[in-house]
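Colleague: missing the sequence, but the structure's below:
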């Protein structure tokens, strides 16, 4: 946080996620501030690893948005309809979707699926994996890319999700805090009871969101 660029990006990043947790998109326009700040901060060896960590987080969020947004806008889930009742911008997007929106998302996805971009993401994961403090987070990110179907392979989204879920379960068995918290949240959202191994692990967890 002593790096000015990182601090600025992190502050914006935190506001975005605080908003998303409340189903609020007001701060989503701060994504550019986050990405620009982390890119600049990674040149500082004292902020390099954490910048890589949060860039992965940002890019995962963007990839999920571009992959799912067209179908969500055309067939909005209940939660989005609830948001639209309070947010005029969201309501306008749902009621009058841009005819070019789907094509724009495809173009952005092509940019993110570029070989150079994928190599950059892999390098960031490698940086995390080598770090003593963030190695477990690297493993968690590797599992999430399957859970959210962010990998480029010939497998179906359903199969990738199953692979990712099995990876998360394996990570829980070796006491990965991030995997344990994620699976607990998924079970809670699905109205299921958490498993004993997850509950035991969460009693010892003290996880930062970012």
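Modeller: It's in. Quick caveat, the model's predicted, so the values are computed rather than measured.
Colleague: Going by C-alpha atoms from here, please, whenever you check contacts or count neighbours.
Modeller: Fine.
Colleague: quick one: the helices in the protein?
Modeller: 4-21, 31-41, 48-74, 78-86, 88-95, 101-112, 115-130, 135-147, 157-173, 177-189, 196-202 (DSSP state H).
Colleague: What backbone torsions are found at residue 151?
Modeller: Note on residue 151: backbone dihedrals following degrees, to the nearest 10 are phi -100, psi 150.
Colleague: picking that back up, now that we have the helices of the chain, can you turn them into a markdown table and tack on mean pLDDT and mean neighbour count?
Modeller: Formatted as a markdown table, the helices of the chain follow (pLDDT from 0 to 100; neighbours: other Cα atoms under 10 Å):
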| stretch | mean pLDDT | mean neighbour count |
| --- | --- | --- |
| helix 4-21 | 92 | 18 |
| helix 31-41 | 94 | 20 |
| helix 48-74 | 83 | 18 |
| helix 78-86 | 69 | 14 |
| helix 88-95 | 68 | 14 |
| helix 101-112 | 71 | 15 |
| helix 115-130 | 93 | 16 |
| helix 135-147 | 96 | 20 |
| helix 157-173 | 95 | 18 |
| helix 177-189 | 89 | 17 |
| helix 196-202 | 46 | 15 |
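Colleague: Residue 158 and residue 146, how far apart?
Modeller: Distance, residue 158 to residue 146, by Cα to Cα, to the nearest Å: 10 Å.
Colleague: and what of residue 50?
Modeller: 22 Å.
Colleague: In this structure residue 63 contacts residue 149, no?
Modeller: No. Taking Cα atoms under 8 Å as the definition, residue 63 is not a contact partner of residue 149, at 9.6 Å.
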